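> need a structure here:
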Amino acid sequence: MAKKSSSNETGVYRVTEVIGTSKTSWEDAAKNAVEAAAKSLRDLRVAEVTKLDMRLDDNGKVVAYRARVMLSFKYAP
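Residues are numbered from 1 along each chain as shown. Below you'll find the predicted structure:
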């Protein structure tokens, strides 16, 4: 059974979508998205990867991995 939180934390949260890219992996793409967003957003709470895709060159070779990430953060009072 889940324990109840000991704090009475309430607030308003916003969810926004960001897309990260990497030449090496989807994991790095997601990490890049979160790290870039963290530079301008405060109190990030949850990051959810919602879509993974790749960018291809004219010969069908993978040139970039992309991760679409939904981020939630708390509005400052």
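> can you pull the pLDDT of the residue sitting furthest away from the middle of the chain?
Most distant from the centre of the chain: N59, at 29.8 Å, with distances by CA atoms, centre = their mean. At N59, the predicted lDDT confidence score is 97.
> With S7 instead?
Looking at S7, its pLDDT stands at 56.
> before we move on, what about L71?
96.
> Check A33 too.
Listed pLDDT for A33 reads 97.
> from memory it sits against E17, does it?
No - the criterion here is CB atoms under 8 Å, and A33 misses it with E17 at 9.4 Å. Where C-beta positions appear, they are placed from N, C-alpha and C, glycine not excepted.
> all strands for the protein, in order.
13-22, 44-56, 62-74 (DSSP state E).
> Partner strands of the second one, with direction?
Same thing as strand 44-56. strand 62-74 (antiparallel) (DSSP bridges).
> how close does the closest residue in space to L52 that isn't next to it in sequence sit to R42?
Excluding its sequence neighbours, the residue lying closest to L52 (CB to CB, 6 or more residues apart in numbering) is W26, at 4.9 Å. Relative to R42, W26 is positioned 26 Å away (CB to CB, to the nearest Å).
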